[in-house]
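1. just coords:
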């Protein structure tokens, strides 16, 4: 019994300590919208989804915010947390363009049997998923009722339709496969099925639960909006059937109807070419919560009729691409200009009142995807690593949350001068140039940045003499200072000594009327409530407590005293460690020398080189002047990965088709894959260019004698190349050009790598399920289950150096991504290199990184940022393409941002502008664009610290 009593006592004590400690890890957290959505998702799974109602299988439409809009992709800055949705949008549009083009191009009885058949559509959908392992998890092409004319069923007569046909591919979990020894999902297996086959699979029925995409465009029974919703695209094509010669010297027009092309002012969602669904549960297939992008496919209906005047362009189906909902980032911060409404999950952050919220990238649907930074006028505690991470806040106890994650006020904040109507100083650097008035010199790209950013805090002073009316202090002699009256309407009243004029340091400056009204209350508001000032406090602090104006002399003296004291402490510390290796001291010496003038000079030469080569001058330049070094393209592999994966998708499709099809093979009443047609390839490259604004051109280059025509003969060369120029689209068979693409350096480089060595290729699987009969009674396995093929990954592709395409067509600086594809030899035994796909992206859209980097980083622009390395650290600023100054300078740990301008960082464009002024001898604020050493806002102590001090004192006495 004694032991039982002891155990009971220990248990009671433990429970009491647990309650005292905070009553649970998450007891302080309140129930919010995130918990509501999370609880809803947990109630649905693969076992009970079929018994759930339609309302239970969908989430609110505003659960996913900031959806990409087609006519805003060029005039808005889209941040990386929306890259996956933009790629999903572009891939749906890509496939819609392809099927619209190919169905109308082959809309006659002569080309009926060379249209894309079931195997083409299956492999195309599988390539969408396999080439995008982390972005696209499903791809489908759903035909409307009685809109698909099968050319692949022996028992279906010509000019007859199937009731439904919907090939869909989704990622399959292959961890139980026999060849998966690690028992881990590889993201290299895809299940493909015809969702128009099977019992209860009528996806056009109003009671079908999992078709939120159907009513976006279908059924298309009325033609009153055809002229508005179906846009006519005109493609110019040059054919070639002999190497080195075109059939016609002029382009052959090939118009077709496709998804709409709205103006930039269009607000009606129905006029957009792509729409998104609300999140829904994909029951019976992937069994996940997904979000889909939907784009319509246009064809003439009825297809084969002698009365052509009765036919109309009609939406015959929709292309649907899916992504996992839990993989999509959401912005937990409150609604703002950067996080516009509607957003149901906005405001679920847990930042304190002294901190602001900023979303993080890559967290998906889980808490903690944000940081809490100090608001303007506040600073971090000196002993903490900044900023506060959202996942740390979400895991904190009640006491930790109440006592921590806060920022302290910053005293003695200063205002930089701001004077209008002065002579401008331009910044040389790329296509985007700023003046001291904050206006870009080129007008073509000026809409990429809002006017608020372009004009914010970029004006300065170019005069060598400044006079302001001082704020008189009753106990100071002002006879030595010169004055000139400046009213509050013109600017804030400040005091400027003569020795401050014209040089580098500036403290205060006039504001305009709007800013004066905005900052008036904040400027004269005390940072602490009025309290009794202890004896011995300096007059600067006394004036702050009494709400009396503080002169610049007082501020200068206070800052000088603080800096001198800090300097003395540093000197004492360095003397103590003079005989030891001090990593902190050596690291700070490196900070002061991070800026590399040689790298800066090279960056300026790159900018001038880029601007000097144009479509008019490129013909007169030597070939070596039309290329740049490879380190100029630093960051392209990550920034243009979605565009590169568009080309990778085509190489996956070609590899699968060439390795798993036989022109003479049939499967009972199912025809085999047949052969590829040149129009198929023309349509693929055209769709790559039309479906993505960032892709300037796209191509497929077949190796010598790798392309088979419909009669089985082989052509020496075949290389369809599509490009855009002045809003029009063209496609050329480059086999007809006088120079052979197989002799180019980039082709030889890729072929030399993959011609005999296939190390690095991955094995992908496609599990096809087909309908048992033309009526779609059931779904059965295909004879080849699964189908395997070898294809490259994104990392196996090849990025070229930046080069200027001086061909009279693209005429721009581009970077090219090349991805090989492979087939089998004549005996179907050995893997053979068959060619490559190519994607051109513009160099002008590359975002530069000027921040400090290591010696081994191949970045031509590194170490060119002019941040004050002692007090600030550099971070790239997203949204500014090939522009000098696209960075920000954040305060380092132990420093505070003391400028009174509503920000907590220093803009790189402002730093570059002020440096230009200083280098030209103008009045500049460059020397003040830094952070100062943080100081305590008040003297305080806690009981543990006080107790520790008492114990130490007693120990000393004893």
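-> Everything's here; your move. Everything quoted here is computed from the prediction, not taken from an experiment. Numbering: from 1, shown residues only.
2. mind checking pLDDT for the closest residue to residue 725 other than its chain neighbours?
-> Spatial nearest neighbour of residue 725, chain neighbours left out: residue 809 (5.9 Å); criterion: Cβ to Cβ, 6 or more residues apart in numbering. Glycine gets a C-beta too; all of them are placed from N, C-alpha and C. According to the prediction, residue 809 has pLDDT 92.
3. which residues does residue 809 contact?
-> 697, 723, 725, 730 (Cβ atoms under 8 Å, 6 or more residues apart in numbering).
4. distance of it from residue 245?
-> To residue 245, residue 809 is 18 Å away according to Cβ to Cβ, to the nearest Å.
5. before we move on, back to that, can you tell me which of the contacts of residue 809 are in helices?
-> Of the positions in the contacts of residue 809, not one sits in helices, assigned by DSSP state H.
6. out of those, which one sits closest to residue 755?
-> residue 697 (24.9 Å; Cβ to Cβ).
7. Tell me how many other residues surround the nearest residue to that closest one once chain neighbours are set aside.
-> Excluding the flanking residues, the one nearest residue 697 by Cβ to Cβ, 6+ apart is residue 723, at 3.7 Å. Residue 723 has 23 neighbours, counted by other Cβ atoms under 10 Å.
8. residues touching residue 723, list them.
-> Here residue 723 is in contact with 689, 696, 697, 698, 729, 730, 731, 809, 810, 840 (Cβ under 8 Å, 6+ apart).
9. Return the distance of the nearest residue to residue 718 once chain neighbours are set aside relative to residue 238.
-> Among residues not flanking residue 718 along the chain, residue 707 sits closest, at 3.8 Å (Cβ to Cβ, 6+ apart). Residue 707 sits 17 Å away from residue 238, going by Cβ to Cβ.
10. Then residue 765?
-> From residue 765 across to residue 238, the span is 38 Å (Cβ to Cβ).
11. just residue 689 next, same as before
-> Distance of residue 689 to residue 238, given as Cβ to Cβ: 15 Å.
12. between the two, who's got more neighbours?
-> A direct count of neighbours by other Cβ under 10 Å for residue 689 and residue 238 places residue 689 higher, at 25 against 20.
13. Which helix or strand contains the more buried one?
-> Per DSSP states H and E: residue 689 is located in helix 678-690.
14. what's the model's confidence in that helix, averaged?
-> Average pLDDT, helix 678-690: 96.
15. And it, what does it pack against?
-> On a contact count with 3 or more Cβ pairs under 8 Å, 6 or more residues apart in numbering; DSSP states H and E, helix 678-690 meets helix 83-105, strand 231-238, helix 641-660, strand 697-702, strand 720-725, strand 728-733.
16. try it again with 7 Å
-> Secondary-structure packing of helix 678-690 (3 or more Cβ pairs under 7 Å, 6 or more residues apart in numbering; DSSP states H and E): helix 83-105, helix 641-660, strand 697-702, strand 720-725, strand 728-733.
17. Quick check: which of the ones you listed is buried the most?
-> Among the helices and strands packed on helix 678-690, the stretch with the highest mean neighbour count (mean count of other Cβ atoms under 10 Å) is strand 697-702, at a mean of 27.
18. Paired strands for whichever helix or strand comes after it, with orientation please.
-> Downstream of strand 697-702, the first helix or strand assigned by DSSP H and E is strand 707-708. Neighbouring strands of strand 707-708 in its sheet, by DSSP bridges, are strand 714-715 (antiparallel).
19. helices and strands of this structure: which one has the lowest mean pLDDT?
-> One helix or strand of the chain scores below all others by mean pLDDT, DSSP states H and E: helix 451-455, with a mean of 34.
20. low-scoring stretches of the stretch 451-600 of the chain, by residue?
-> Along the stretch 451-600 of the chain, segments meeting pLDDT under 70 span 451-556, 558-560, 562-563, 566-593.
21. Following the record's annotation, map out the domains of the protein.
-> Domain ranges of the chain: 63-328+632-845, 355-406, per automatic domain parsing.
22. Redo the ones you listed as JSON lines? Include distance to residue 889.
-> Output for the domains of the chain, formatted as JSON lines (distance: least, Cβ to Cβ, whole Å):
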{"stretch": "domain 63-328+632-845", "distance to residue 889": "20"}
{"stretch": "domain 355-406", "distance to residue 889": "14"}
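23. show me what contacts the residue nearest to residue 876 when sequence neighbours are not counted?
-> Nearest non-adjacent residue to residue 876, counting by Cβ to Cβ, 6+ apart: residue 849, 4.9 Å away. By Cβ atoms under 7 Å, 6 or more residues apart in numbering, the residues touching residue 849 are 634, 635, 859, 861, 862, 876.
24. any idea how far the fourth one is from residue 634?
-> Using Cβ to Cβ, one obtains 7 Å as the distance from residue 861 to residue 634.
25. Same check on the last one?
-> From residue 876 across to residue 634, the span is 11 Å (Cβ to Cβ).
26. Of all the contacts of residue 809, the one with the weakest confidence?
-> Scanning these for pLDDT, the low point is residue 725. It has 91.
27. ok, what's across the strand from that one?
-> In this entry, residue 725 is beta-bridged to residue 728, by DSSP bridges.
28. Residue 176 - nearest residue in space that isn't next to it in sequence?
-> Nearest non-adjacent residue to residue 176, counting by Cβ to Cβ, 6+ apart: residue 183, 7.4 Å away.
29. likewise residue 282?
-> That would be residue 290: by Cβ to Cβ, 6+ apart, it lies 5.0 Å from residue 282.
30. so what's the one you found up against?
-> Contacts of residue 290 by Cβ under 7 Å, 6+ apart are 137, 138, 279, 280, 282, 322, 323, 324, 325.
31. secondary structure element for it?
-> Using DSSP H and E, residue 290 maps to strand 289-301.
32. Quick check: what element follows that strand along the chain?
-> Strand 289-301 is succeeded, C-terminally, by strand 312-324 (DSSP H and E).
33. List the buried residues for that following strand?
-> For strand 312-324, a neighbour-count test (16 or more other Cβ atoms under 10 Å) marks 313, 314, 315, 316, 317, 318, 319, 320, 321, 322, 323, 324 as buried.
34. Would you confirm that the fifth one contacts residue 297?
-> So that's residue 317. Yes - contact status for residue 317 versus residue 297: in contact at 4.7 Å, counting by Cβ atoms under 7 Å.
35. re the thing from before, just the closest of the buried residues of strand 312-324 to residue 42, please.
-> Distances from residue 42 to the buried residues of strand 312-324, taken as Cβ to Cβ, are shortest for residue 324 (15.8 Å).
36. mind listing what that closest one touches?
-> Residue 324 touches 137, 288, 290, counting by Cβ under 7 Å, 6+ apart.
37. who does it bridge with?
-> Beta-bridge partners of residue 324, counted by DSSP bridges, are residue 290.
38. State the distance from it to residue 170.
-> Going from residue 324 to residue 170 by Cβ to Cβ gives 11 Å.
39. on that earlier part again, looking only at neighbour counts, state which of residue 861 and residue 634 leads.
-> Ranked by neighbour count (other Cβ under 10 Å), residue 861 and residue 634 place residue 861 first, with 26 against 19.
40. Might one say that the more buried one is in contact with residue 848?
-> Yes - contact criterion Cβ under 7 Å: residue 861 and residue 848 qualify, at 4.7 Å.
41. what touches both of residue 324 and residue 170?
-> Jointly contacting residue 324 and residue 170 under the rule Cβ under 7 Å, 6+ apart are residue 137.
42. Quick check on residue 627: phi, psi?
-> As for residue 627, its main-chain torsions (degrees, to the nearest 10) stand at phi -130, psi 160.
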